[in-house]
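Colleague: Sequence plus the predicted model coming up.
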Amino acid sequence: MFKTGNINSLLIKIFEVGLRLCAPFSKKIEKGVLGRKNSFKKLKSSLKKSDNIIHIHCASHGEYLMSEKLIIHLKDKFDNYKFLLSFISPSGYENANLDLFDCVIYLPLETNKNCVEFYKIISPKATFFIKNEIWPNFIKHAKMSGSKLYSVGGNFSSNYLKKLFKINSAIKEFDLIFVLNESSKKIVEYIGNQNVIVIGDLRYDTIIPKLKNETNKIIERFIDDNNCIVFGSIWKEDENIIIKYLNNCKGNTKHIIAPHEIVKNPERIKKYLGSKSILFSKINSDTDLKELSCLIIDNIGMLSSLYSYGTIAYVGGGMGTKGLHNILEPAYFSKPIIIGKNYRGFDEAEKMIDNGNVISISNYSDFTNALELIINNKNIINEMSNKCTEFFQKNKGGVKLILNKLQ
């Protein structure tokens, strides 16, 4: 019989080989593989073993955004510390605010060799794993190096695989666990860690920056004081409804479409929409945008700010099974929101539907009815916006709770 540690090591090695084989066929995977090759070099050139270091680890850009306000306050609270940020995904690595950190890296694969090397170079005073990021080997070695361990913003569930791969054992090692809700608290306590505090969703404390001035001028020139619908993080299942609507709609309403995956989808959507559409990357100062009704976003990092320009926001993922995307971004700007039918298990969506600032649709007819109800009715727009603002303000405060518990 294999021991758990041997199984984990074998799986990591298989995973590493798989990544290298897939890298030539995926830019995203290739960036991660190449980025991890430089991680130790960046650590050695930026930090020393004797430095006071706080290490913050996020999976991707979404986890980083939800923790950015916490990070800003941590820097104020611990102003004599150096800050290390690590990622799994290029979306985070390429879009983090570098001014906040002394070093930003891809987290090395958690082989025993890598973990030993990692903590030979640095000795963090505190390590924060954001959301559901649990890396047992890094947690074990961080603890051995003397680091305080914190899990922030997790929404935990329980299953057999978590026991098999030492996830549950790792959860027991945290000095404090700040969780999303009461059900997560009960699961963590059942696993065996009683140092758990409910803080709610940190995304309510998110800071969404304004677009750069040049980009702002392009968006405003495109919208030209018309109503605007922002379609954010859409998948194929969302497209089936949205493309049909866009090809049938008339009038002056403008539409901004941000596909979830931007490698091929923007070009494909452009073909469906034809001459009424343009890719954001193709716009220059001379481009005439007046006759165009659809702007397709083909870069990463703009979407959260783009919601501020919309009259209505449609957030993708809910028409399929990939998972509903972040509806708190348009809620931050108090926008009426439309989502697909598969939203159960997304706490914020369930609450905001009950609150009255989100509408769920199941098909094309539902979608067009929702748009017609909202788009030209200022009373309904104001009512949904006000409900959104009140709800959002009521749920803020997670960052303050965390800071009050940290020494």
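Modeller: It's in. Residues are numbered from 1 along each chain as shown.

Colleague: Which secondary structure element is home to the residue nearest in space to the middle of the chain?
Modeller: Centroid-nearest residue in the chain, with C-alpha atoms, centre = their mean: residue 62, separated by 1.4 Å. Assigned by DSSP states H and E, residue 62 falls within helix 61-77.

Colleague: contacting residues around that helix?
Modeller: 54, 56, 58, 81, 83, 85, 87, 89, 91-92, 95-97, 100, 128, 130-131, 133, 152-153, 201-203, 205-208, 300-301, 304, 326, 399, 402-403, 406 (C-beta atoms under 8 Å, 6 or more residues apart in numbering). Yep, even glycine has a C-beta here, placed from its N, CA and C like the rest.

Colleague: Just checking: what are the partner strands of the helix or strand immediately after that helix in the chain?
Modeller: Going down the chain from helix 61-77, the next helix or strand is strand 82-87, by DSSP H and E. Sheet pairing of strand 82-87 (DSSP bridges) gives strand 53-57 (parallel), strand 103-106 (parallel).

Colleague: avg pLDDT for the helix or strand that strand 82-87 is followed by?
Modeller: Counting by DSSP H and E, the next helix or strand C-terminal to strand 82-87 is helix 90-93. In this model, helix 90-93 has an average pLDDT of 90.

Colleague: can you pull the buried residues of helix 90-93?
Modeller: Using 16 or more other C-beta atoms under 10 Å as the test for burial, helix 90-93 gives 90-93.

Colleague: likewise stretch 109-120?
Modeller: For stretch 109-120, using 16+ other C-beta under 10 Å, the buried residues are 109-110, 114-115, 117-119.

Colleague: Before we go further, residue 269 is sitting in a helix, right?
Modeller: Yes: checked against DSSP: H, G, I helix; E, B strand; the rest coil, residue 269 lies within a helix.

Colleague: Test my guess that it contacts residue 277.
Modeller: Yes: look at residue 269 against residue 277 with C-beta atoms under 8 Å: they come within range, at 7.5 Å.

Colleague: quick one: which of these two has more around it?
Modeller: Comparing residue 269 with residue 277 by neighbour count (other C-beta atoms under 10 Å), the higher total belongs to residue 269, at 22 against 19.

Colleague: got the contact list for the more buried one?
Modeller: Contacts of residue 269 by C-beta under 8 Å, 6+ apart are 239, 243, 257, 259, 277, 296.

Colleague: go again using 7 Å as the cut-off
Modeller: Counting by C-beta atoms under 7 Å, 6 or more residues apart in numbering, residue 269 touches 239, 257, 259, 296.

Colleague: same thing with residue 35?
Modeller: By C-beta under 7 Å, 6+ apart, the contact list for residue 35 reads 93, 106.

Colleague: quick one: low-confidence ranges for the protein?
Modeller: Where the chain drops to pLDDT under 70, the residues are 1-29, 32-33, 159-165, 407.

Colleague: which residues in it form strands?
Modeller: 53-57, 82-87, 103-106, 126-130, 148-154, 176-179, 196-198, 228-234, 254-259, 277-279, 294-296, 312-315, 337-339, 358-360 (DSSP state E).

Colleague: Make JSON lines from those strands and add distance to residue 41 to it.
Modeller: Shown next, in JSON lines, are these (distance: least, C-beta to C-beta, whole Å):
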{"stretch": "strand 53-57", "distance to residue 41": "17"}
{"stretch": "strand 82-87", "distance to residue 41": "14"}
{"stretch": "strand 103-106", "distance to residue 41": "9"}
{"stretch": "strand 126-130", "distance to residue 41": "21"}
{"stretch": "strand 148-154", "distance to residue 41": "26"}
{"stretch": "strand 176-179", "distance to residue 41": "32"}
{"stretch": "strand 196-198", "distance to residue 41": "37"}
{"stretch": "strand 228-234", "distance to residue 41": "34"}
{"stretch": "strand 254-259", "distance to residue 41": "34"}
{"stretch": "strand 277-279", "distance to residue 41": "36"}
{"stretch": "strand 294-296", "distance to residue 41": "38"}
{"stretch": "strand 312-315", "distance to residue 41": "39"}
{"stretch": "strand 337-339", "distance to residue 41": "43"}
{"stretch": "strand 358-360", "distance to residue 41": "46"}
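
Colleague: just to revisit the earlier point, which among the contacts of helix 61-77 end up buried?
Modeller: Neighbour-count burial (16+ other C-beta under 10 Å) applied to the contacts of helix 61-77 gives 54, 56, 58, 81, 83, 85, 87, 89, 91-92, 95-96, 128, 130-131, 133, 152-153, 201-203, 205-206, 304, 326, 399, 402, 406.

Colleague: how near is the closest residue to residue 332 other than its chain neighbours to residue 301?
Modeller: Sequence neighbours aside, residue 208 is the residue nearest to residue 332 in space, at 5.4 Å (criterion: C-beta to C-beta, 6 or more residues apart in numbering). Distance of residue 208 to residue 301, computed by C-beta to C-beta, to the nearest Å: 11 Å.
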